[in-house]
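Colleague: Predicted structure and sequence below. I'll ask about it afterward.
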Amino acid sequence: MSEVTANAGTLAAPPPPAKTWTKGRITGHALMALWIVAGAALVIHLITGYDAAFYKRYTPKFIDGTIVTLQIVTLSVMIGAAISVPVAMARMSQSALAGAPAFAFVYFFRGTPLIAQTFLVYYGAGTFRDALDAAGLWWFFRDAYNCVIFTFALNTAAYQAEILRGAIQNVPRGQSEAAAALGIPKWVIYSKIILPQALIVALRPYGNEIVLMIKGSAVASIVTVFDLMGETRRAFSRSFDFETYIWAAIIYLTMVEILRRVWDVLERRLTRHLKRGD
Amino acid sequence: MESIWTLISFGDQGWGDEIARGVVVTVALALATLPFGLLLGFFIALAKDSDEPSLKRAAEIYTTIFRGLPELLTLFIVYFGVQIGVRRIAELFVENPTIEVNSFVAGMVALGFVFSSYASEAFLSAFRGIPRGQYEGGYAVGLSGLQTMRLVVLPQLIKLALPALSNLWLILLKDTALVSVIGLADTLRQAGIAARVTKEAFLFFGIACLIYLVLAILSSFALGWIERWSQRGEAAR
């Protein structure tokens, strides 16, 4: 034992293995070079193809489109969150009368493509024009923007309901049993004990759901809503300039990356009491 | 007005056969994308799992791009980008070439990119679930690197990655509907044509939704069977 400690001071650490050009390193450098070349080509293309008239004409359109996209996402996620609470409750209830319709709702919206749902609402509403007119709802479904919000909200509600249900069921039973044993009212158990623990678990999936919504909202452009994708398609069909798609890609990537970063900060902040001190 | 049954019947009067052809295209597109996406995803996961930082970085750039872009935008970029690129090259040889990119191939490539970037995450977490001892054991009995991968790691990897990959398959099946936008005659497009001609939009888009649901249900049966098959070795333990 003492010999080991005595030698420890004099022995130098072994030298790091020499860096050789392994197959992996060559491929890695080649692929990185490819990305750098592609990125440089993109920048050069954007600079050499710079056309003041093009930017003057389309920059405001792109800004408007981005705002519409953000509006669609914010509205649908918020409305969806409100709808998801009763749906999740119904999914978790013992009664089949509440459980079955909630299950069907969730299964339908998660099992079919968002674009098909949007078509079903937007074009399908026309089939019921007389009935909707009579109910005084036709003005709502006549507008593509409303139909998109309606569909997206229901779609994200189905996903959010499952996130919420999974998170609540993830909280150990003992938590609510212990609270009940202490005589804490049911409402307080839910709001002060179950939900705070569940929402931490749900945070990451919620972030992913918003990212999916930002990406999914591009579908709105197919039913004549001029969101970012819609403005891009319109600009491309007029200018036949591929730059439009490059800018759309940059804007979408920026939005998603910002959200991801914000979510990382949020998660670190909310789970800081769970980190063990070193 | 014709009755619903006439409208969805197979034959001259109905749209059943047109839509059925669309379903075949939908399934074919998803099945054609799968091997390409799985293979690419596997290699990207290998790159992310490697000790070489440059390889890791290159793979991460790929996933960041294709997981951050809307699938629809990826599709348009591939469709129009390839079209413009191919035309540029063709212009070197012929004047005013007419280039039409096949929407099936464009859809396959775009969905393959998206699928592979998500699949790489599934494979990566499966890689993390395989202990180092499995590789070392493989080398110790004299297997080469490739043999260890094929005979020792891959069978376990498939088992671990399967639940996530099943989910990705269901997403892929739904994403094929987007390819109808660039003119592929899939389920949704055929239903759309039927809806426009007959003015029965709700009926036909409802049928399209139900078809996607049925495809998802059938897939989950098949995936359940594959999952049981992948776990067949576990009963002995």
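Modeller: Sure thing, it's come through.

Colleague: in chain A, which residue is closest to the centre?
Modeller: Nearest to the mean C-alpha position of chain A, counting by Cα atoms, centre = their mean, stands A:Val211 at 1.9 Å.

Colleague: Number of residues surrounding the closest residue to it other than its chain neighbours?
Modeller: In space, A:Val211 comes closest to A:Val256 once its chain neighbours are excluded; the distance is 5.5 Å by Cβ to Cβ, 6 or more residues apart in numbering or on different chains. C-beta coordinates here come from the backbone N, C-alpha and C atoms, glycine included. Using other Cβ atoms under 10 Å in any protein chain shown, A:Val256 has 20 other residues around it.

Colleague: Would you state the secondary structure element containing A:Val256?
Modeller: If you go by DSSP states H and E, A:Val256 is part of helix A:243-270.

Colleague: so what does that helix touch, helix or strand wise?
Modeller: Applying 3 or more Cβ pairs under 8 Å, 6 or more residues apart in numbering or on different chains; DSSP states H and E, one finds that helix A:243-270 contacts helix A:23-48, helix A:52-92, helix A:195-216, helix A:228-239, helix B:53-68, helix B:71-91.

Colleague: that older thread, OK, contacts around the residue nearest to the centre of chain A?
Modeller: A:256, A:259-260, B:68 (Cβ atoms under 8 Å, 6 or more residues apart in numbering or on different chains).

Colleague: show me where chain B has strands.
Modeller: With DSSP state E as the definition, chain B shows no strands.

Colleague: What segments of it are helices?
Modeller: B:4-7, B:16-49, B:53-68, B:71-91, B:103-128, B:132-140, B:145-147, B:154-175, B:187-198, B:201-230 (DSSP state H).

Colleague: what does the third one contact?
Modeller: I take that to be helix B:53-68. Counting by Cβ under 8 Å, 6+ apart, A:24-25, A:27-29, A:31-32, A:34-35, A:211, A:215, A:252-253, A:256-257, B:44-45, B:47-48, B:50, B:74, B:113-114, B:116-118, B:120-121 sit against helix B:53-68.

Colleague: Any chance you could give me that helix in PDB, C-alpha atoms only?
Modeller: This file holds the C-alpha atoms of helix B:53-68, laid out as PDB (Å, rounded to 0.1, in the frame of the first residue of the first chain):
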ATOM      1  CA  PRO B  53     -15.300  13.900 -33.000                       C
ATOM      2  CA  SER B  54     -15.400  14.900 -36.700                       C
ATOM      3  CA  LEU B  55     -17.600  11.900 -37.600                       C
ATOM      4  CA  LYS B  56     -19.900  12.600 -34.700                       C
ATOM      5  CA  ARG B  57     -20.200  16.300 -35.600                       C
ATOM      6  CA  ALA B  58     -21.000  15.500 -39.300                       C
ATOM      7  CA  ALA B  59     -23.700  13.000 -38.200                       C
ATOM      8  CA  GLU B  60     -25.200  15.600 -35.800                       C
ATOM      9  CA  ILE B  61     -25.400  18.200 -38.400                       C
ATOM     10  CA  TYR B  62     -27.400  15.800 -40.600                       C
ATOM     11  CA  THR B  63     -29.900  15.000 -37.900                       C
ATOM     12  CA  THR B  64     -30.300  18.600 -36.800                       C
ATOM     13  CA  ILE B  65     -31.200  19.600 -40.300                       C
ATOM     14  CA  PHE B  66     -33.600  16.800 -41.100                       C
ATOM     15  CA  ARG B  67     -35.300  16.700 -37.800                       C
ATOM     16  CA  GLY B  68     -35.700  20.500 -37.700                       C
END
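
Colleague: mean confidence score for it?
Modeller: The pLDDT scores in helix B:53-68 average 93.

Colleague: Tell me the gap between that helix and the middle of its chain.
Modeller: 19 Å (Cα atoms, centre = their mean, to the nearest Å).

Colleague: Enumerate every residue touching the residue nearest to A:Val211.
Modeller: Contacts of A:Val256 by Cβ under 8 Å, 6+ apart are A:211, A:214-215, B:67-68.

Colleague: now A:Val43: how far from B:Glu60?
Modeller: Separation of A:Val43 from B:Glu60 (Cβ to Cβ, to the nearest Å) stands at 20 Å.

Colleague: More neighbours: those two, which one.
Modeller: B:Glu60 (14 against 10).

Colleague: So which helix or strand of chain A has the lowest pLDDT on average?
Modeller: Sorting the helices and strands of chain A by mean pLDDT, DSSP states H and E puts helix A:2-8 at the bottom, at a mean of 56.

Colleague: meant to ask about chain B
Modeller: Per-SSE averages on chain B (mean pLDDT, DSSP H and E): minimum helix B:4-7, a mean of 73.

Colleague: which helices and strands does that helix pack with?
Modeller: Under the contact criterion of 3+ Cβ pairs under 8 Å, 6+ apart, helix B:4-7 touches no helix or strand at all.

Colleague: mind checking which helix or strand A:Gln117 is in?
Modeller: Using DSSP H and E, A:Gln117 falls in helix A:114-122.

Colleague: Say whether chain B is contacted by that helix.
Modeller: Yes - using Cβ under 8 Å from any Cβ of the partner chain, we find that helix A:114-122 touches chain B at A:114-117, A:119-120.

Colleague: Of these - the most surrounded one?
Modeller: Counting neighbours by other Cβ under 10 Å, the top entry in the residues of helix A:114-122 next to chain B is A:Phe119, with 29 neighbours.

Colleague: Can you pull out the low-pLDDT segments for the stretch 101-250 of chain A?
Modeller: Residues of the stretch 101-250 of chain A meeting the criterion pLDDT under 70: none.

Colleague: same question but for chain B, I mixed them up
Modeller: Checking chain B against pLDDT under 70 turns up B:1-2, B:12, B:235-237.

Colleague: Which residue, other than its chain neighbours, is closest to B:Thr187?
Modeller: Closest to B:Thr187 by Cβ to Cβ, 6+ apart is B:Gly22, at 4.2 Å.

Colleague: ugh, typo on my part, it should be A:Gln197
Modeller: That would be A:Val171: by Cβ to Cβ, 6+ apart, it lies 4.9 Å from A:Gln197.

Colleague: what number of residues lie near that neighbour?
Modeller: So A:Val171, with other Cβ under 10 Å, has 17 neighbours.

Colleague: what's near enough to touch it?
Modeller: By Cβ under 8 Å, 6+ apart, the residues touching A:Val171 are A:194, A:197-198, A:201.

Colleague: go on, A:Glu162?
Modeller: A:Glu162 sits in contact with A:88, A:91, A:106, A:110, where contact means Cβ under 8 Å, 6+ apart.
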